[in-house]
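1. pasting the structure only:
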């Protein structure tokens, strides 16, 4: 598939109009997939193991009530920490299971063991329903029409991925904000070690930047079970030394599609770049992103590009560097901006029409 085809495919979004697999109440026992299930990613496998363990543990009424109270406000709760502090009978074995799953998830994402637990639980579906809760994990396939959820007996149920069910569902997932913060540190560190990004001394008198005054995305490809998006941008250009450089910028505030955010945060520090233009690729961590592998892939491609005395757009090489799995449930492509300049102000739509930035020029004075 060519870069152009990849871009068009990524920008089409996810069509969740497949076959409805639910009964009138929104639940049905799932049938085995023909030919066997597709191999899950290591992160998805860790999430699934934790979800099954949590579902079994909810047979303990006292623990079930404790979990219900912890997630009642809809916020993400650290699953390992929740189980570790509980004195109910089901919590101790669950804590051990979650600890193992957390170690697997951290390793799969290229993050250090001291990052802390990543697995979380939150409440989705109809919180007011008196029906017994189920435990689910977001599907690793963005185009999946069904979500598998487990009951306390270990039975699997299929939920419609496009519509929240009329039963309470505990969703096991990854703490995206923690993973993104730790992951971009890994990304920057490994890119620097590969020679793509270098430390820069601040200009003596200050420097010009492109500041984001507003940003929005039309579609972050998140269904009811996935919750908020975790979006970051890869800014690329040529450094003052003539070598390709990459900077990462996180957008922790950019949670919901169709909402305009006004962060007033810097996207491009122009003192780091030799030429006037720079490029931006906006991506989303859906949970499976291996930041160490991403850094190696980006570095391997960009280090082959030489400075020939004129600016060369770098969006296509960056997109080419994303492993093929990134077009499923790893770092989803959101949009790209070619040739942003120091003088760029006002609103700029991304090349795919999915993202929109509004910029102003902002001078950062030296201390």
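-> Sure thing, it's come through. Computed from a predicted model, the values in this text were never measured in an experiment. Numbering: from 1, shown residues only.
2. Give me the pLDDT for the most centrally placed residue in the chain.
-> Taking CA atoms, centre = their mean as the criterion, residue 285 is the residue nearest the geometric centre of the chain, at 1.8 Å. pLDDT recorded at residue 285 is 78.
3. isn't it right next to residue 180, touching?
-> Yes. Residue 285 lies in contact with residue 180 (CB atoms under 8 Å); the separation is 5.4 Å. For the C-beta atoms, the positions are set from N, CA and C on the backbone; glycine is no exception.
4. Find residues that contact each of those two.
-> Here residue 285 and residue 180 have 230, 232 as joint contacts, going by CB atoms under 8 Å, 6 or more residues apart in numbering.
5. okay, and for this protein, where does confidence drop off?
-> Scanning the chain for pLDDT under 70 picks out 1-40, 127, 140-143, 197-204, 220-229, 286, 322-331.
6. domain parsing for it?
-> Following the assignment in automatic domain parsing, the chain carries domains at 17-174, 177-365.
7. follow-up on the earlier one: quick one: the residue nearest to the centre of the chain and residue 254, what's the gap?
-> In this view, residue 285 and residue 254 are 12 Å apart by CB to CB, to the nearest Å.
8. cool, residue 172 as well?
-> In this structure, residue 172 and residue 254 are 23 Å apart, going by CB to CB.
9. all strands of the stretch 51-200 of the chain, in order?
-> Counting by DSSP state E, counting those that start in this stretch, the stretch 51-200 of the chain has strands at residues 77-78, 119-125, 134-137, 146-150, 156-160, 168-174.
10. So which of those is nearest residue 42?
-> Smallest distance to residue 42 across the strands of the stretch 51-200 of the chain (CB to CB): 11.9 Å, for strand 168-174.
11. okay, now residue 181: neighbour count?
-> 15 (other CB atoms under 10 Å).
12. Wait, it touches residue 250, no?
-> Yes. Checked against CB under 8 Å, the pair residue 181 and residue 250 is within contact range at 7.0 Å.
13. so who does residue 261 touch?
-> By CB under 8 Å, 6+ apart, the residues touching residue 261 are 214-216, 251, 253-254.
14. Which entries within the residues you listed meet the buried criterion?
-> Burial by neighbour count, 16 or more other CB atoms under 10 Å: within the contacts of residue 261 this picks out 215-216, 251, 254.
15. From the residues you listed, which land in strands?
-> 215-216, 251 (DSSP state E).
16. now the helices for the stretch 51-200 of the chain?
-> Assigned by DSSP state H, counting those that start in this stretch, the stretch 51-200 of the chain shows helices spanning 61-70, 79-85, 91-108, 176-194.
17. Include distance to residue 236 when you put those helices into a markdown table, please.
-> Below are these laid out as a markdown table (distance: least, CB to CB, whole Å):
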| stretch | distance to residue 236 |
| --- | --- |
| helix 61-70 | 42 |
| helix 79-85 | 36 |
| helix 91-108 | 26 |
| helix 176-194 | 10 |
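18. Select, out of the ones you listed, the one closest to residue 43.
-> helix 91-108 (4.8 Å).
19. The closest one - contacts with which helices or strands?
-> Counting contacts by 3 or more CB pairs under 8 Å, 6 or more residues apart in numbering; DSSP states H and E, helix 91-108 packs against helix 42-57, helix 61-70, helix 79-85, strand 119-125.
20. Give the buried residues for the second one.
-> Meaning helix 61-70. Buried, per 16+ other CB under 10 Å, within helix 61-70: 63-64, 66-67, 70.
21. I'd like to know the beta-bridge partner residues of residue 149.
-> Beta-bridge partners for residue 149, by DSSP bridges, are residue 136, residue 157.
22. Now do the same contact list for it.
-> Counted by CB under 8 Å, 6+ apart, residue 149 has contacts 27, 134-136, 156-159, 169.
23. can you give me the end-to-end distance of stretch 106-124?
-> Terminal residues of stretch 106-124 are spaced 25 Å apart (CA to CA, to the nearest Å).
24. go on, stretch 147-161?
-> Taking CA to CA, stretch 147-161 runs 6 Å from one end to the other.
25. So what's the gap between that stretch and the chain middle?
-> 24 Å (CA atoms, centre = their mean, to the nearest Å).
26. cool, and stretch 263-279?
-> Distance, stretch centre to chain centre, for stretch 263-279: 23 Å (CA atoms, centre = their mean).
27. Report the buried residues of that stretch.
-> In terms of neighbour count (16+ other CB under 10 Å), stretch 263-279 has its buried residues at 265, 267-270, 272-275, 277-279.
28. Generate CSV for these, with secondary structure and distance to residue 335 as supplementary columns.
-> Below are those laid out as CSV (DSSP: H, G, I helix; E, B strand; the rest coil; distance: CB to CB, whole Å):
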residue, secondary structure, distance to residue 335
265, strand, 17
267, strand, 13
268, strand, 16
269, strand, 21
270, helix, 22
272, helix, 22
273, coil, 21
274, coil, 25
275, coil, 22
277, coil, 17
278, strand, 15
279, strand, 12
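29. of all those, which comes closest to residue 245?
-> Nearest member of the buried residues of stretch 263-279 to residue 245, counting by CB to CB, is residue 272, at 6.5 Å.
30. Please enumerate the strands of the stretch 251-367 of the chain.
-> Along the stretch 251-367 of the chain, counting by DSSP E, counting those that start in this stretch, strands occupy 265-269, 278-285, 331-340, 346-349, 355-365.
31. Just say which of those is most tucked in.
-> For the strands of the stretch 251-367 of the chain, ranked by mean neighbour count under the definition mean count of other CB atoms under 10 Å, the leader is strand 278-285 at a mean of 26.
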